[in-house]
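In: just coords:
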């Protein structure tokens with residue numbers, strides 16, 4: 001949405017590394033961001049950032065950029081990519097192990113590690 005309004009289907013495709021294969025996983029996020037006042041529904045059904053949402057996006061982007069710079073101060077890009085690969089494989093192993101529901105979020109195991117890995121890798 002930072003580049004303009006998007007449909008739910010477009011958001012699902014763009015955010016699949018974070019939400020997985022369940023197209024319903026994004027609905028609670030859209031609802032929460034709407035309640036927070038960061039996005040609004042357009043008349044044509046697309047979702048758009050509000051001024052507050054755009055400001056939050058900018059702040060978060062700056063935090064992400066700063067974090068990335070701090071991480072890469074002590075490791076090479078190749079080392080970083082290797083760590084992310086390992087974390088993703090570990091999370092996938094947890095996913096396939098069938099852990100109990102209390103360790104799952106949105107039906108998936110290891111979300112923090114797996115999603116962070118996908119996000120950080122896709123941000124390069």
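Out: Perfect, I can see it now. In this text the structure is predicted, and so the values were computed from the model without any measurement.
In: what element comes up after the helix or strand harbouring residue 70 heading to the C-terminus?
Out: If you go by DSSP states H and E, residue 70 is part of helix 51-74. With elements assigned by DSSP H and E, the helix or strand that comes after helix 51-74 is helix 77-97.
In: buried residues in that next one?
Out: Neighbour-count burial for helix 77-97, with 16 or more other Cβ atoms under 10 Å as criterion, is recorded at 80, 84, 87-88, 91, 94-95. Yep, even glycine has a C-beta here, placed from its N, CA and C like the rest.
In: Check the offset of stretch 38-50 from the chain's centre.
Out: Its chain's C-alpha centre lies 19 Å from the corresponding centre of stretch 38-50 when counted by Cα atoms, centre = their mean, to the nearest Å.
In: ends of that stretch, how far apart?
Out: End-to-end span of stretch 38-50 (Cα to Cα, to the nearest Å): 5 Å.
In: For that stretch, list every residue counted as buried.
Out: 38-39, 46-47, 49-50.
In: okay if I get the buried residues of helix 77-97 as TSV plus distance to residue 7 and pLDDT?
Out: What follows is the buried residues of helix 77-97, written out as TSV (distance: Cβ to Cβ, whole Å; pLDDT from 0 to 100):
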residue	distance to residue 7	pLDDT
80	34	87
84	30	87
87	31	88
88	28	84
91	29	78
94	32	76
95	28	72
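In: from those residues, which two are the most distant?
Out: Distance extremes for the buried residues of helix 77-97: the farthest pair is 80 and 95 at 22.4 Å, using Cβ to Cβ.
In: can you pull up the bridge partners for the residue nearest to residue 14 when sequence neighbours are not counted?
Out: Distances taken as Cβ to Cβ, 6 or more residues apart in numbering place residue 6 nearest to residue 14, at 7.3 Å, with adjacent residues excluded. Here residue 6 sits in beta bridges with residue 47, going by DSSP bridges.
In: Quick check: pLDDT value at residue 90.
Out: pLDDT for residue 90: 86.
In: I'd assumed residue 30 was in contact with residue 39.
Out: Yes. Contact criterion Cβ atoms under 8 Å: residue 39 and residue 30 qualify, at 6.8 Å.
In: mind checking how far residue 40 is from residue 77?
Out: 38 Å (Cβ to Cβ, to the nearest Å).
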